[in-house]
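J.: sequence unavailable; structure follows:
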DNA sequence: ATGCCGGGTACGACCCGA
């Protein structure tokens, strides 16, 4: 089974691109971030016609996440627990049945956190604390669990072409990285790093010719429970998609699993 | 250089992203 994540930066602007990619790659499950629409505005029929079940957690103008799955959803959960006042649509989780059990797939759009001298940065850190509590609960179930999406975290220097330019940014500063390590240290495996030590960027800014100069960062991740990590066979960053016409600034990242 | 690009909202120019 292949499970992918892709921050598409607006489903309305990226519908045709996503359709093309799905026809080419045919992943089993795709987690989308920044759909930037309410649920009613999501072109679900387009993807149902390609054989996908569609579950969305949308929001007007910003944020918004969705899961497309060839497997039927047994359960769907929307929103990150821990703050009733948080109205931002940044987490959707699906549970799927397999012959040998279940797989739980949690799609996140973690807050960017910039500028760091505004409320956005403490919101990011609090969101990561809430995510850690949520993941603790999930790991207690001892199931194959895949936490994937746009984490807005550059884990290590190797994950940026020019790490010195990012130091101090909300994506790459001590408080953010500490929270990310705390999350990982619950027992999650960074799927990409389980298969390679090489740089593998997933985002290139639209500005300053970042793509042309390969000035990228790795911020889209798949974090795996032990039961999922044991079944991982490959990870692919679809960087060619960044060179397509009217691309997102992020590219798809896909894990292949023996289930 | 806090704008460069690009999407959303809405139709002029902001807000937002990373």
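T.: Perfect, I can see it now. Note that this is a predicted model, so its numbers are computed, not measured. Residues are numbered from 1 along each chain as shown, chains lettered A, B, ... in the order given.

J.: helix, strand, or coil at the closest residue in space to residue A:216 that isn't next to it in sequence?
T.: In space, and not counting its chain neighbours, residue A:216 is closest to residue A:201: 2.8 Å by Cβ to Cβ, 6 or more residues apart in numbering. (C-beta placed from N, C-alpha, C; glycine too.) In three-state terms, and counting by DSSP: H, G, I helix; E, B strand; the rest coil, residue A:201 is coil.

J.: tell me which residues touch residue A:201, please.
T.: Residue A:201 makes contact with A:159, A:160, A:161, A:214, A:216, A:217, A:218, A:237, A:239 under the criterion Cβ atoms under 8 Å, 6 or more residues apart in numbering.

J.: so which of the residues you listed reach DNA strand B?
T.: Near DNA strand B, judged by Cβ under 7 Å from any atom of the strand, the entries from the contacts of residue A:201 are residue A:217.

J.: using TSV, lay out the contacts of residue A:201 together with secondary structure, pLDDT and neighbour count.
T.: Converted to TSV, the contacts of residue A:201 look like this (DSSP: H, G, I helix; E, B strand; the rest coil; pLDDT from 0 to 100; neighbours: other Cβ atoms under 10 Å):
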residue	secondary structure	pLDDT	neighbour count
A:159	helix	97	24
A:160	strand	97	24
A:161	coil	96	17
A:214	coil	96	13
A:216	strand	96	24
A:217	strand	97	25
A:218	coil	98	24
A:237	strand	98	19
A:239	helix	96	17
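
J.: can you tell me which of the contacts of residue A:201 is nearest DNA strand B?
T.: residue A:217 (5.6 Å; Cβ to the nearest atom of the strand).

J.: ok, what's across the strand from the closest one?
T.: residue A:160, residue A:203 (DSSP bridges).
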